[in-house]
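Participant: next comes the sequence, and after it the predicted model I'd like to discuss.
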Amino acid sequence: MRRAVIYLRVSTLDQTTANQERELREIADRMGCEIVKVYKDHGISGAKGRDKRPAFDKLCRDAARREFDVVMAWSVDRLGRSLQDLVGFLSELHALRIDLFLRQQGLDTTTPAGKAMFQMMGVFAEFERAMIAERVRAGLARARSEGKRLGRPSIAPALEKRIREALALPGRPGVRVIAKQFGVNPGTVQRISRPFAAASIGGLTYPARKRRVT
């Protein structure tokens with residue numbers, strides 16, 4: 001008999017999962033599966049990551065140890081709020097040869113039709129990632145065409161000059177000390193220090209790297 005587990009999640013503490021658990025147990029019985037454990041996250045939004053859902057995190061760790069063969073849940077939104085999250089979770093289960101059953105969506109990866117649906121979801125997840133990347137690139141291109149400066153805002157020329165002067169002093173302190181002195185990010189001081197023969201980090205001085213000439 002195949003070992004199955006049930007994952008239940010509700011967003012508010014006053015909601016109950018009793019009916020869902022009962023029906024999933026009945027389905028497991030018809031599938032010839034034995035429920036070996038039930039994981040429940042109460043009052044936790046599905047939008048939160050795995051680290052914020054202790055029962056779901058425990059399920060994933062138990063899956064890695066192959067403590068069961070099938071994961072059963074009432075609906076896809078119990079597992080996560082995005083297609084990428086679902087496909088990522090499915091991919092982990094697939095690699096471990098663990099199946100997934102979703103009652104509301106009729107997804108059962110123990111069947112050929114369920115496996116085909118899983119492959120289609122992977123295609124759509126890849127499409128979603130590509131669309132997000134395309135929108136980001138388009139947004140950056142539009143910002144550049146409008147003359148907007150991308151990245152961190154530059155500091156005032158007068159302040160940069162003072163930092164350069166501090167970096168040029170003999171026996172100067174480290175980058176972090178200078179950054180704290182002028183109230184800027186250490187990365188900003190590192191960027192300004194590049195023209196100098198030596199750069200220091202955290203009070204220690206390191207020889208500057210020679211650039212390869214091509």
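Facilitator: Happy to help now that I have it. Numbers count the residues shown, from 1 in each chain.
Participant: centroid-wise, who is the farthest residue in this structure?
Facilitator: Relative to the centre of the chain, the most outlying C-alpha is that of P170, 45.2 Å out, by Cα atoms, centre = their mean.
Participant: other SSEs contacting the longest helix seen in the chain?
Facilitator: Taking DSSP state H as the criterion, the chain has its longest helix at helix 112-145. When contacts are defined as 3 or more Cβ pairs under 8 Å, 6 or more residues apart in numbering; DSSP states H and E, helix 112-145 packs onto helix 83-95, strand 99-102, strand 107-108. Just so you know, the C-beta spots here come from the backbone N, C-alpha and C atoms, and that holds for glycine as well.
Participant: most tightly surrounded among the ones you listed?
Facilitator: With neighbours defined by mean count of other Cβ atoms under 10 Å, none of the helices and strands packed on helix 112-145 is more surrounded on average than strand 99-102, at a mean of 23.
Participant: so which residues make contact with it?
Facilitator: By Cβ atoms under 8 Å, 6 or more residues apart in numbering, the surrounding residues in contact with strand 99-102 are 4, 27, 31, 69-76, 90, 93, 107-110, 114, 118.
Participant: buried subset of the residues you listed as a ChimeraX selection?
Facilitator: With 16 or more other Cβ atoms under 10 Å as the criterion, this ChimeraX line picks the buried residues out of those:
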select :4,27,31,69,70,71,72,73,74,76,90,93,107,108,109,114,118
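Participant: hang on, the earlier thing: TSV for the helices and strands packed on helix 112-145, including mean pLDDT and distance to I44?
Facilitator: Below are those laid out as TSV (pLDDT from 0 to 100; distance: least, Cβ to Cβ, whole Å):
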stretch	mean pLDDT	distance to I44
helix 83-95	77	14
strand 99-102	90	19
strand 107-108	84	22
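Participant: now those in CSV, with distance to R61?
Facilitator: Listed next are the helices and strands packed on helix 112-145 as CSV, based on distance: least, Cβ to Cβ, whole Å:
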stretch, distance to R61
helix 83-95, 11
strand 99-102, 17
strand 107-108, 23
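Participant: and the ones you listed: which comes nearest Q190?
Facilitator: Closest approach to Q190 among the helices and strands packed on helix 112-145 (Cβ to Cβ): helix 83-95, 34.7 Å.
Participant: the closest one to helix 112-145, inter-axis angle?
Facilitator: If you take axes from the mean of the first three to the mean of the last three Cα atoms, to 10 degrees, helix 83-95 sits at 140 degrees to helix 112-145.
Participant: look at A198 and report its pLDDT.
Facilitator: pLDDT recorded at A198 is 43.
Participant: one more: R22?
Facilitator: R22 is assigned 93 on the pLDDT scale.
Participant: pull the contacting residues for it.
Facilitator: Counted by Cβ under 8 Å, 6+ apart, R22 has zero contacts.
Participant: and it, helix, strand or coil?
Facilitator: Of the three states, R22 takes helix according to DSSP: H, G, I helix; E, B strand; the rest coil.
Participant: how far away is it from L159?
Facilitator: Distance of R22 to L159, given as Cβ to Cβ, to the nearest Å: 67 Å.
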